[in-house]
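Participant: Provide a 3D model corresponding to the input given below.
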Amino acid sequence: MADVQAVEEALAVFSRTPDKEQLERANRWLQDFQHSSNAWSICNDLLTVPESTPAAKLFAAQTFRTKITYDLNQVAPEHLPALRTTLIGALNLYHAGPRTIIVQLCLALSGLALQLPSWGSCVQDMIETFGRNPASVPALLQFLTVFPEEINGNFRIPITDDEYKARAASILTANSQAVLDVLTMYITAQGVTMVVQAEIFRCLSSWLTAGEIDASSLASTPLLGYAFEALASDDLFDVAVNVICDTIHETQEVDDNQEVIGLIIPQVIALEPLLTTWTEDSDKIRGLARIFAEAGETYRGLILHHTETFFPLVKAIGHCSAHPDLDVVPITFPFWMRLAQSIGKKPSVSPLFHEAYQSLMGIIIRHLHFPTTAVSQTSQEAESFRHFRHVMGDTLKDCCVVLGADTCLMTAYGLVTSALSRDPSTVSWQEVEAPLFSMRSMGAEVDPDDEKVVPKIMELIPNLPTHPRIQYATLLLIARYTEWTNKHPDYLPTQLQYVSSGFDSPEEDVQMAAGQALKYLCQDCKMHLETFLPQLHTFVSSKGLKLAPEERVQVYEAIAHVISAMSMEQAASSLRTFALDILTSIHSASVQPTAVSKEQFKQLCKHELIAFEDSFECLEIMLSVVRTFGDDLPAVCQTTCQEAWSCLDLFISKYGSDYDASDRVTRLIRHGLTFFGSTALPVASAVISRMTSSFETTGNPGYVWIIGKIVSEFGNEEDPNLRAAFKESYDRVSAKVLSSLQEQSPAAIPDVLEDYMHMLIHTLDYAPDVFFDSPESFSIGFKAAMTGLTLIQTDLIFASMDLIRLVLTHDSILPPPADKPVPPKFPIYASRIQQVLEKEGYELIGYLLSGLTGDFPEDSSSNVIMIFRSIAAVWPQQLLSWLPSVLQQLNPTTVTDEAKTKFLSETTSTINGKQWDKVKYAILGLHRQSLKARERRRTALDRQ
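Facilitator: Predicted coordinates for the structure are as follows:
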């Protein structure tokens, strides 16, 4: 009983409030216990000893289920019947509850039945054992409920596909009629309780969902009729709805189920009056909506071909769509979508369907109305409603499929004009905003060449009320119809004027919408906006001062789209104009006699109201849109690179210690490299020097990142000054990284390590002479990559493995091709790699295997395989000498001794046979085993 007490004590830790270390220690102990072979007998003791705590009893039941899933091989085949007897006895002991223990024991018995071919009579045995005593019938029904779910859903049970198919057919399919008979017997039994009825319906749903009971078999019993009758019971309503929906779903093959459908449809249609009777009960309406929607989706073909008989379903679903509870409404949306798709494929349909979708459109627009008491909504409720409006917008598109976009737009247009024609004091802003929103939602269905409806809508815009919500909706409407506007440029002046007025609004949402509208107007209508560029410049110079940073960036992005459509000379001149405005504001701050704080800097620049982050982002977004003018820049841009760098260099020297400033300026430089291309070569060395010194001073990772980008851009250049700058930067950055790792934990600088890895990868790819010729920096970089493998940072791990893989698979260490001379520096490179591998190889192998069986990202195994393959091929004996010790250090909870032995054996065989590609199978096998062990440990105590 000492082991029983140990389990009790470990579980007791979770009922107290100990420190994290105690919790983790107790958790590990319990997981290890569940792995052990003596857990079988101890769990039996925990279940049968009356003194066991409820937590211990539940843990014991859970452990039985877990061990039957993972560890049934611990039980000798001749002892499996005894295990079955033990579990059945335990279920009999707990047949009255608790329910949680009953469920776990039933799951354990289900898993055992799947793996015990000799137990072909499992269902009959359980019925015989538990079905005769009314007190144990609920336990039987629970077993029958979870049985198909566990057989079909527990993919962790170690059984082959062929074995599964044979066993499932034997214990599930072959017993479906017996289960149906038992359920029928219980549902018709005199004095059957509500509790048992509910369990019967749950069990029936489980077998229907599993596809083991077909609709025709069910229809031959009174069960389906009882399900419809049960809708009148509050206690049985939900389970009855599930049974009805599952039964309807099982009749998808309508040609094979005509008789059953003929029984179902009248009973479903007869439920329609209940929508009025229960209109105040949202839960009941939700259940009815599920039934009607399931029938509508399943029988939509019959609805179209036998409209007179089945159209009442459509009316009932429309009734559900009109219900004020917005949790009910979306249940109907899949039906409307699929029916619209079916209608769209037919040359003609009954006018009843057009009437239904016309009605649906009016219903949806009413639902789009913001609540009149919006102030009473929580922020979460308001956000949920805004999201739901977009979902409803998709249903409006379904209406367009059936009715045509013109008809739908005219309906929405009519609602707006009707509201505007009335006394303004009697019209709420919601009556105008909702149809405007609907027009925006239907924009994707509009023909860009339309000349009938959209012009009416655009002519309406200047006359709309100035309520912020209406402005917001109108601006986004303009943004949505820019493709149409591109083909109707006469409307541009009016739209631009309305957009401009949006920037004057005190509401941030309206300003944001104005920025978005301007962006899309300029993006889609850029060919018509060249003459408006001076006005846009004036706008930025005047109203731009009042914009929030996000809106300012949108405006500059819009301008960039216009510039991108101009001739090269004009575009270059325009881009220079806007860029110099921004650079001037940055320069004016940088030439101040003393540095100031960021907040002071913002105050300093208030005459432009451009904080440096905003300034850089505006210029960055322009360059990202324009990208480049090609290798031959227009004359107006020839000196711009040097001018821009002079400004940025001055700024970095003063404000480069600020993390955000360094991030923005390096991102801008990255776009500048793309834009200027080879024109930037004269300043490349100076940029690298400034980035290097700035990293040494600040430790900000952006400087290392941009050095890597410069190397990738100009690494093939032979300019000796530039290559000297590469080498100096490589050495100084590496020294700074080493210093940082000595001063602080690697976990404190993962961003630095990641950007350093990318810089090293670019250096190896484009300047291998620089990368390998500095043995100290190469050693620092390789060691830093190994350090990166120890951190739980996905991007860093991949970058570190990429560098290690590139080094250990470098061409210099491979046998040279017979028809090509060996590059003169390859022996030096190979020597460097040999030295670092001999020094760090043992530790590297440990990190790789520990990560592979631990915290490496899921897709990392391919990199590990390539690294191992190279080591096995080039340094086979070293690998074999390292592996035994490394494997012993792996976490025994994720890598068993059996898995370690197997991996070592397979790797040794691969190396001795010089079959390097087979390293892959050893690595994948070890990885799969560790995944299985980790999955088990994650789920073992989930049910605690």
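Participant: ok now stretch 136-145, how far from the chain's centre?
Facilitator: From the chain centre to the centre of stretch 136-145 is a distance of 38 Å (Cα atoms, centre = their mean, to the nearest Å).
Participant: And for stretch 286-296?
Facilitator: 30 Å.
Participant: Could you export stretch 811-829 as PDB, CA atoms only?
Facilitator: Extracted in PDB, the C-alpha atoms of stretch 811-829 (Å, rounded to 0.1, in the frame of the first residue of the first chain):
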ATOM      1  CA  ASP A 811      31.500  22.300 -51.100                       C
ATOM      2  CA  SER A 812      35.100  22.600 -49.700                       C
ATOM      3  CA  ILE A 813      34.700  19.500 -47.600                       C
ATOM      4  CA  LEU A 814      33.200  17.400 -50.400                       C
ATOM      5  CA  PRO A 815      35.300  15.300 -52.800                       C
ATOM      6  CA  PRO A 816      36.100  17.600 -55.800                       C
ATOM      7  CA  PRO A 817      34.600  16.800 -59.200                       C
ATOM      8  CA  ALA A 818      37.100  15.100 -61.500                       C
ATOM      9  CA  ASP A 819      36.600  17.600 -64.300                       C
ATOM     10  CA  LYS A 820      37.000  20.800 -62.300                       C
ATOM     11  CA  PRO A 821      39.900  22.300 -60.500                       C
ATOM     12  CA  VAL A 822      39.700  22.900 -56.700                       C
ATOM     13  CA  PRO A 823      39.200  26.600 -55.900                       C
ATOM     14  CA  PRO A 824      42.500  27.800 -54.300                       C
ATOM     15  CA  LYS A 825      40.900  28.800 -51.000                       C
ATOM     16  CA  PHE A 826      38.900  25.600 -50.500                       C
ATOM     17  CA  PRO A 827      41.700  23.800 -48.500                       C
ATOM     18  CA  ILE A 828      41.700  26.800 -46.100                       C
ATOM     19  CA  TYR A 829      37.900  26.600 -45.800                       C
END
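Participant: what's the pLDDT at residue 364?
Facilitator: Per-residue confidence (pLDDT) for residue 364: 97.
Participant: what helix or strand does it sit in?
Facilitator: helix 351-367 (DSSP states H and E).
Participant: helices and strands around that helix, which ones?
Facilitator: helix 307-321, helix 333-344, helix 379-403, helix 405-421, helix 429-441 (3 or more Cβ pairs under 8 Å, 6 or more residues apart in numbering; DSSP states H and E). Using the backbone N, CA and C atoms, a C-beta is placed for each residue, glycine as well.
Participant: got a list of contacts for it?
Facilitator: Residues outside helix 351-367 that contact it (Cβ atoms under 8 Å, 6 or more residues apart in numbering): 307, 311, 314-315, 318, 321-322, 326, 329, 336, 339-340, 343, 392, 395-396, 398-399, 402-403, 407-408, 411-412, 415, 434-435, 438.
Participant: Tell me the helix or strand right after the helix or strand where residue 244 lies.
Facilitator: Applying DSSP H and E as the criterion places residue 244 in helix 237-249. Per DSSP H and E, the first helix or strand lying C-terminal to helix 237-249 is helix 258-269.
Participant: So which bits of that following helix are buried?
Facilitator: 260, 261, 263, 264, 265, 267, 268, 269 (16 or more other Cβ atoms under 10 Å).
Participant: I'd like the average pLDDT over the helix holding residue 244.
Facilitator: Helix 237-249 comes out at a mean pLDDT of 96.
Participant: what helices or strands is that helix leaning on?
Facilitator: By 3+ Cβ pairs under 8 Å, 6+ apart, helix 237-249 packs against helix 194-209, helix 223-230, helix 258-269, helix 282-298.
Participant: Put together TSV for those, with mean pLDDT on each row.
Facilitator: Shown next, in TSV, are the helices and strands packed on helix 237-249 (pLDDT from 0 to 100):
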stretch	mean pLDDT
helix 194-209	95
helix 223-230	95
helix 258-269	95
helix 282-298	97
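Participant: In TSV, list those along with distance to residue 915.
Facilitator: Formatted as TSV, the helices and strands packed on helix 237-249 follow (distance: least, Cβ to Cβ, whole Å):
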stretch	distance to residue 915
helix 194-209	48
helix 223-230	61
helix 258-269	60
helix 282-298	55
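Participant: Can you say which of the ones you listed is nearest to residue 116?
Facilitator: Closest to residue 116 of the helices and strands packed on helix 237-249, according to Cβ to Cβ: helix 194-209, at 21.1 Å.
Participant: I'd like the next helix or strand past the helix or strand of the chain with the lowest mean pLDDT.
Facilitator: When the helices and strands of the chain are scored by mean pLDDT, DSSP states H and E, helix 598-604 comes last with a mean of 53. Later in the chain than helix 598-604, the nearest helix or strand by DSSP H and E is helix 612-626.
Participant: Let me see the contact set for residue 698.
Facilitator: Contacts of residue 698 (Cβ under 8 Å, 6+ apart): 656, 657, 659, 662.
Participant: Can I get the host helix or strand of residue 580 in CSV? Just the C-alpha atoms.
Facilitator: Per DSSP H and E, residue 580 falls inside helix 568-590. Taking Å, rounded to 0.1, in the frame of the first residue of the first chain, the C-alpha atoms of helix 568-590 are listed here in CSV:
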residue,chain,number,x,y,z
MET,A,568,10.2,57.8,-65.1
GLU,A,569,11.5,61.4,-65.2
GLN,A,570,8.3,62.8,-63.7
ALA,A,571,8.1,60.0,-61.1
ALA,A,572,11.7,60.6,-60.1
SER,A,573,11.1,64.3,-59.7
SER,A,574,7.9,63.9,-57.7
LEU,A,575,9.4,61.2,-55.5
ARG,A,576,12.3,63.5,-54.8
THR,A,577,10.0,66.3,-53.9
PHE,A,578,8.1,64.3,-51.3
ALA,A,579,11.2,62.5,-50.0
LEU,A,580,13.1,65.8,-49.5
ASP,A,581,10.2,67.1,-47.4
ILE,A,582,10.5,64.2,-45.1
LEU,A,583,14.3,64.2,-45.0
THR,A,584,14.4,67.9,-44.3
SER,A,585,12.3,67.4,-41.2
ILE,A,586,14.7,64.7,-40.1
HIS,A,587,17.7,66.8,-40.8
SER,A,588,16.3,69.8,-39.0
ALA,A,589,16.1,67.7,-35.8
SER,A,590,19.5,66.1,-36.3
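Participant: just checking, what's the longest helix in the chain?
Facilitator: helix 826-852 (DSSP state H).
Participant: What are the buried residues along that helix?
Facilitator: 826, 829-830, 832-833, 836-837, 840-842, 844-852.
Participant: Then stretch 115-130?
Facilitator: Buried, per 16+ other Cβ under 10 Å, within stretch 115-130: 115, 116, 119, 122, 123, 126, 127, 129, 130.
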